[in-house]
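# Pasting a predicted model and its sequence here:
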Amino acid sequence: MEHELRKVGTAATGSAAWADALLLSFAKAGYTLAEPAILQPAEPFLDLSGEDIRKSLYLTTDASGEELCLRPDLTIPVARDYLASGNAGKPAGFSYLGSVFRYRGEPSEFLQAGIESFGRLDRAAADAEMLALALQATSAFGVCDVEIRTGDVALFISLIDALDLYPVWRRRLIKDFNRKISLEQDLERLALATASTRNEYEGVLAALAGSDRKAALALVTDLMSIAGTTNVGGRTVAEIADRFLEQSTLKGGALPRDALELIKRFLAISGDPNDSIARLRALAADAKLDITAAIDAFESRVGLMAARGVDIRSTRFSTSFGRGLDYYTGFEFELHARDGGTEPLVAGGRYDGLMTRLGSRTPIPAVGFSVWVETLTQLGGKSSASRSGGRAS
């Protein structure tokens with residue numbers, strides 16, 4: 001069925017030849033074609049992307065009451081099929097091309113292609129391979145001049161860990177980074193927090209002072225059990241515990257000014273990857289931050305990218321670059337058209353945290369990317385028309 005869908009979809013968009021060339025390039029690189037089911041459990045998408053994604057899902061419920069949806073992307077379905085197979089935990093690579101479904105003001109079905117690589121322990125080499133294959137993907141559509149934007153959430157996590165912040169601050173800042181919320185705005189709010197604000201739950205906040213998330217969850221669970229309720233205003237016990245823990249931490253004082261300044265200095269680093277490496281090492285030495293391992297991994301990846309033929313000088317790196325999903329744990333990238341446009345042509349990165357959240361008992365390295373077929377088809381068509389016009393003149 002999926003194969004028939006692929007043929008119909010590519011013919012409908014006029015991209016059959018380019019799509020076939022794309023899948024052939026993936027196959028030559030050793031990636032097996034995956035064809036996951038169109039109907040998927042909704043819970044993984046809601047859990048990993050947040051309830052905000054609900055309004056863009058096509059939802060239904062089966063006879064047992066399980067909430068299902070038409071797949072809004074292919075990464076999670078491919079990962080779920082891999083985990084359900086006998087090869088879970090072993091190195092394996094998959095390619096895909098099929099329809100995904102999201103509501104964007106009007107009913108929307110569009111094609112998505114891509115690659116997912118699971119189980120490889122040579123992370124830097126796998127990251128470099130993903131970017132090289134992503135560039136090959138745009139070339140398959142006749143689009144060769146693209147802007148390469150990269151980042152590394154592992155560097156930010158390493159910085160936050162080195163600063164030894166309260167756990168609630170750590171979770172909040174990393175979440176904001178991944179969701180593309182304005183970090184600068186949030187940092188200022190944390191810096192200006194004071195202990196003078198009154199709160200109707202002063203007793204609970206005092207009891208939570210200095211607690212970790214596990215202790216906070218236990219306390220709130222006990223309190224709600226005594227009250228005979230499992231949620232308040234639609235919020236779960238875990239969400240309420242997180243909110244109380246955050247307020248308790250803020251009651252204890254503001255984010256230390258020196259930590260704030262270091263985070264801002266870190267987030268200001270961008271530009272050429274090699275120059276960024278030098279600036280990161282200088283910051284680490286100046287502030288005596290133990291982030292060397294993360295910088296070394298970044299530098300190793302850049303070297304392997306160059307070995308793969310990626311033009312490092314035309315690659316833009318930014319410490320503040322994030323892709324907006326909680327499960328990314330390291331390298332992230334997007335390929336954009338040179339003439340602008342906010343939507344990426346190809347996007348992906350490393351998501352080592354996904355497999356355990358999908359049920360794996362042990363962590364499994366994972367990295368991949370998605371190709372937006374229709375966007376590339378349109379752009380490739382314009383490039384082809386431009387070249388034809390040039391020859392005619």
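That came in fine, so what should we check first? Numbering: from 1, shown residues only.
# Show me the strands in the protein, by range?
32-33, 39-41, 59-61, 67-70, 92-101, 109-118, 146-152, 270-271, 315-318, 331-337, 346-350, 366-372 (DSSP state E).
# Pipe the ones you listed into a markdown table and attach mean neighbour count and distance to residue 80 per row.
From N, CA and C alone the C-beta is placed, and that goes for glycine too. Formatted as a markdown table, the strands of the chain follow (neighbours: other C-beta atoms under 10 Å; distance: least, C-beta to C-beta, whole Å):
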| stretch | mean neighbour count | distance to residue 80 |
| --- | --- | --- |
| strand 32-33 | 13 | 16 |
| strand 39-41 | 16 | 8 |
| strand 59-61 | 12 | 18 |
| strand 67-70 | 18 | 13 |
| strand 92-101 | 22 | 12 |
| strand 109-118 | 22 | 11 |
| strand 146-152 | 22 | 26 |
| strand 270-271 | 14 | 35 |
| strand 315-318 | 20 | 32 |
| strand 331-337 | 23 | 22 |
| strand 346-350 | 25 | 18 |
| strand 366-372 | 25 | 12 |
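# closest to residue 160 out of these?
Proximity to residue 160 (C-beta to C-beta) singles out strand 146-152 among the strands of the chain, at 13.3 Å.
# ok, and what's touching the closest one?
Strand 146-152 has contacts (C-beta atoms under 8 Å, 6 or more residues apart in numbering) with 131, 135, 138, 273, 294, 298, 310, 314-323, 330-338, 345.
# rerun at 7 Å
138, 298, 314-319, 321-322, 330-338, 345 (C-beta atoms under 7 Å, 6 or more residues apart in numbering).
# Likewise for stretch 333-348?
Applying C-beta under 7 Å, 6+ apart, the contact partners of stretch 333-348 are 130-131, 134, 137-138, 143, 145-150, 323, 349, 368-372, 375-376, 379.
# Over to stretch 369-384?
Contacts with stretch 369-384, where a contact means C-beta under 7 Å, 6+ apart, come from 13-15, 18-19, 73, 75, 110-115, 130, 134, 137-138, 141-143, 337, 343, 345-348.
# what separates that stretch from the chain centre, distance-wise?
Once both centres are worked out by C-alpha atoms, centre = their mean, to the nearest Å, stretch 369-384 turns out to sit 22 Å from its chain's centre.
# for stretch 366-376, same thing?
For stretch 366-376, the distance to the chain centre is 13 Å (C-alpha atoms, centre = their mean).
# likewise stretch 163-181?
15 Å.
# What average pLDDT does it get?
In this model, stretch 163-181 has a mean pLDDT of 72.
# Equivalent analysis for stretch 351-365, please.
For stretch 351-365, mean pLDDT is 92.
# Give me the residues contacting that stretch.
Residues from elsewhere that reach stretch 351-365 (C-beta under 7 Å, 6+ apart): 44, 47-48, 79-80, 83, 88-89, 118-121, 123, 327-330, 366.
# Buried subset of those residues, written for PyMOL?
Selecting the buried subset of the contacts of stretch 351-365 in PyMOL, with 16 or more other C-beta atoms under 10 Å as the burial test, is done by:
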select buried, resi 44+48+79+80+83+88+89+118+119+120+123+327+328+329+330+366
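# List the ones among the contacts of stretch 351-365 that fall in helices.
When the contacts of stretch 351-365 are checked against helices (DSSP state H), the matches are 44, 47, 48, 79, 80, 83, 123.
# Where do the helices of the stretch 101-250 of the chain begin and end?
For the stretch 101-250 of the chain, the helices defined by DSSP state H, counting those that start in this stretch cover 123-140, 153-162, 167-178, 183-192, 202-208, 213-227, 237-251.
# Also the stretch 251-393 of the chain?
257-267, 273-287, 292-307, 354-357, 373-392.
# buried residues in the second one?
So that's helix 273-287. Neighbour counts over helix 273-287 (16+ other C-beta under 10 Å) mark 273, 274, 276, 277, 279, 280, 283, 284, 287 as buried.
# tell me the angle of it relative to helix 292-307?
Computed with axes from the mean of the first three to the mean of the last three C-alpha atoms, to 10 degrees, the direction of helix 273-287 lies at 170 degrees from that of helix 292-307.
# list the helices and strands helix 273-287 packs on?
If you count contacts as 3 or more C-beta pairs under 7 Å, 6 or more residues apart in numbering; DSSP states H and E, helix 273-287 packs onto helix 257-267, helix 292-307, strand 315-318.
# Touching the shortest one from outside, list them.
When contacts are taken as C-beta under 7 Å, 6+ apart, the neighbours of strand 315-318 outside the stretch itself are 147, 148, 149, 150, 151, 270, 271, 273, 276.
# make it 6 Å
By C-beta atoms under 6 Å, 6 or more residues apart in numbering, the residues outside strand 315-318 that reach it are 148, 149, 150, 151, 270, 273, 276.
# With the second one instead?
Residues outside helix 292-307 that contact it (C-beta under 6 Å, 6+ apart): 124-125, 127-128, 131, 152, 154-155, 158, 273, 277, 280, 312.
# repeat for the first one
Counting by C-beta under 6 Å, 6+ apart, the neighbours of helix 257-267 from elsewhere in the structure are 159, 163, 187, 191, 283, 287, 319, 320.
# pLDDT check: weakest of those residues?
Here the lowest pLDDT out of the contacts of helix 257-267 sits on residue 191, with 64.
# wait, isn't residue 102 in contact with residue 108?
Yes. Between residue 102 and residue 108 there is a contact at 5.5 Å, judged by C-beta atoms under 6 Å.
# Do I have it right that residue 58 meets residue 100?
No. Using C-beta under 6 Å, residue 58 makes no contact with residue 100, being 10.4 Å away.
# Contact partners for residue 367?
So residue 367 contacts 117, 126, 127, 130, 350 (C-beta under 6 Å, 6+ apart).
# partners of it in the sheet?
Beta-bridge partners of residue 367, counted by DSSP bridges, are residue 117, residue 350.
# so where's the stretch 51-200 of the chain shaky on pLDDT?
Residues of the stretch 51-200 of the chain that meet the criterion pLDDT under 70 lie in 51, 107, 168, 178-186, 188-200.
# 90 instead?
51-55, 65, 86, 103-108, 110-111, 139-145, 163-200 (pLDDT under 90).
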